[in-house]
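*Asks:* Sequence and predicted structure are below.
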Amino acid sequence: MANRVNWTKSRKILEADFGDTMVQNKNVSQRQFNNIESENILISDDSDGGSGGGFIGGGNETTTELNVELITTYNEQTASFSTSFGNYQRSFIVHVPPNFDFETQSLPLLFVLHGYTGQAPIIRQYSGFDQISNQENFIVVYVQGTTDAFGNTGWNVDVVPTFSYVDDVGLFKALIKYFKANYNIDSSKIFSTGMSLGGFMSYRLACELDEINSIGSVTGSMAGYYNCNPPKKTSIIHFHGTSDNTVPYDGVEWSLAAKNAHNFWSVHNECSSQTEINLPDFNGDGRITKRLMSYNCEEERAVELYSLEGDGHIWFNRAWGHDINASELIWQFFKNQ
């Protein structure tokens, strides 16, 4: 890395409890790996139809200036930071590619969001975006959700009511402003992706922030209670197992069916063409992975849905027996937007 990246040497204790998921571990433990597929979703049974009534997200005319402090430097390319926002202490991990020079390079920015009960350090490890960043030259930021009264981590997406008063949209507005000011990012190339509830949150960002170019979701959909009114055309890539028992592929009251989410954005982006193809059976298990593509959209947008027959609630990776590598496909999709 060029010496323009100068994480300071101070080390502070992270207030959020990562338990046995310390960032310093280079490998995901068996317990951590098992938890990737075991995220559960609390379903709101509020009589008013969800958790959104008490929250106004991202609607402020002014964006909060963040006072960001270093937590830990892991290596020349990666460090974690903390900031106070909306009565919560928030944290995030930043990874920059090798030889990144803040003064001469303007790079894309990718937010990566964990699922319900998840942790930023774990999705950093299993998604592999650090390695893709090194090859493709973009900045990746793993943001940590808040912790509710039951000790569970998550996002305010009108699915889990215990997060309904957290201004997560406002946080991302502030983070985008911070990275524009401090990292010389390409403002036209700001993306978000996530697992499960992190996918729901990425959809919400597409619904509310015009700074977002494109989003990706792995096993997360759009909240059924939420009224999405996107500020602009936005490209979408979505991956979902047809046997997902946590966020059902065919939808439930609190979550849109995967194809309904696809159709929403296809209509919004005014796509005039659609086709679906079967992908090669990479692992030879006889199960089909389908790729639904909506194209010829306004403003050169695109909408894609990968449906993985028989697969459940997990981040899809060929190394784990799936026909595709979601992380690689997400970035290839983003870089063309």
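*Replies:* Yep, that arrived. Here the structure is a predicted model, which is why all the values come from computation and not from measurement.

*Asks:* how far does stretch 279-289 sit from the chain's center?
*Replies:* On the basis of C-alpha atoms, centre = their mean, to the nearest Å, stretch 279-289 sits 26 Å off its chain's mean C-alpha point.

*Asks:* buried residues in the longest helix along the chain?
*Replies:* When the chain is parsed with DSSP state H, its longest helix is helix 168-183. Neighbour counts using 16 or more other C-beta atoms under 10 Å place 168-176, 178-179, 183 of helix 168-183 among the buried residues. (Glycine included, C-beta is placed from N, CA and C.)

*Asks:* any low-confidence regions in this protein?
*Replies:* Along the chain, segments meeting pLDDT under 70 span 1-62.

*Asks:* returning to what we had before: now distance to His238 too, for the buried residues of helix 168-183, in CSV please.
*Replies:* Formatted as CSV, those follow (distance: C-beta to C-beta, whole Å):
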residue, distance to His238
Asp168, 20
Val169, 20
Gly170, 25
Leu171, 23
Phe172, 19
Lys173, 23
Ala174, 27
Leu175, 23
Ile176, 22
Tyr178, 28
Phe179, 25
Tyr183, 28
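
*Asks:* Which member of those is positioned nearest Glu136?
*Replies:* Lowest distance from Glu136 to the buried residues of helix 168-183 (C-beta to C-beta) belongs to Tyr183, with 16.2 Å.

*Asks:* Now flag whichever of the buried residues of helix 168-183 is closest to Tyr88.
*Replies:* Among the buried residues of helix 168-183, and counting by C-beta to C-beta, the member closest to Tyr88 is Leu171, at 8.4 Å.

*Asks:* That closest one and Tyr183, how far apart?
*Replies:* In this view, Leu171 and Tyr183 are 17 Å apart by C-beta to C-beta, to the nearest Å.

*Asks:* ditto for Gln105
*Replies:* 9 Å.

*Asks:* Likewise for Lys189?
*Replies:* Relative to Tyr183, and taking C-beta to C-beta, Lys189 is found at 12 Å.

*Asks:* Kindly report the same for Ser192.
*Replies:* 16 Å.

*Asks:* Same question for Ala174.
*Replies:* Ala174 is 14 Å from Tyr183, by C-beta to C-beta.

*Asks:* do the same with Ser127
*Replies:* Ser127 is 20 Å from Tyr183, by C-beta to C-beta.
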